[in-house]
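Chemist: Next one to model:
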Amino acid sequence: MLQAERVHRFWYPFGPTIPVGAPYADGIRIVYINVAPIAANRVAFLVNYRGDVQRIVDAGLFSPNVKIDHTFGNFSGDAYLGPQPNTCTARAVRFVDGTSWVRAGATR
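Modeler: Sure, this is the predicted structure:
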């Protein structure tokens with residue numbers, strides 16, 4: 001019940017400055033919208049960037065129809081091959097009422 005909008009590389013607001021176009025990806029930005037009628041509190045994504053596959057879990061309070069824009073430090077040090085990953089898929093969502101949604105064929 002989530003709609004993944006796009007995923008982009010981002011630059012940390014702390015630590016060393018890495019110029020745009022540098023040969024390293026220093027993280028992942030995931031922007032999505034909870035299109036369910038109830039707030040979610042945990043969302044699991046499966047992201048594939050240049051063959052590296054990682055599970056990213058976002059926890060918080062995600063109200064219905066509100067854009068969520070979070071950054072994660074995963075994929076740190078990987079060679080940068082552009083702003084888009086191969087894939088970014090919402091795999092499972094837990095809602096505040098205790099129910100959950102799991103993408104068909106996905107494991108939690």
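Chemist: Helix or strand: which one has Gln54?
Modeler: Here Gln54 is covered by strand 52-62, with elements defined by DSSP states H and E.
Chemist: Indicate each strand paired with that strand and its parallel or antiparallel sense.
Modeler: When pairing is defined by DSSP bridges, strand 52-62 lines up against strand 40-49 (antiparallel).
Chemist: Report the rounded mean pLDDT for the strand it pairs with.
Modeler: Averaged across strand 40-49, the pLDDT comes to 91.
Chemist: Convert that strand to PDB, retaining C-alpha atoms only.
Modeler: Taking C-alpha atoms only, strand 40-49 is exported to PDB below (Å, rounded to 0.1, in the frame of the first residue of the first chain):
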ATOM      1  CA  ALA A  40       2.200   3.100   9.300                       C
ATOM      2  CA  ASN A  41       5.100   2.800  11.800                       C
ATOM      3  CA  ARG A  42       7.500   0.500  10.100                       C
ATOM      4  CA  VAL A  43       8.300   0.100   6.400                       C
ATOM      5  CA  ALA A  44      10.800  -2.500   4.900                       C
ATOM      6  CA  PHE A  45      12.500  -1.800   1.600                       C
ATOM      7  CA  LEU A  46      14.700  -4.000  -0.600                       C
ATOM      8  CA  VAL A  47      17.200  -1.900  -2.500                       C
ATOM      9  CA  ASN A  48      19.600  -3.100  -5.200                       C
ATOM     10  CA  TYR A  49      22.300  -0.700  -6.200                       C
END
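Chemist: List the buried residues for it?
Modeler: Buried residues in strand 40-49, counted by 16 or more other CB atoms under 10 Å: Ala40, Val43, Ala44, Phe45, Leu46, Val47, Tyr49. The C-beta positions use only the backbone N, C-alpha and C, and glycine is treated the same way.
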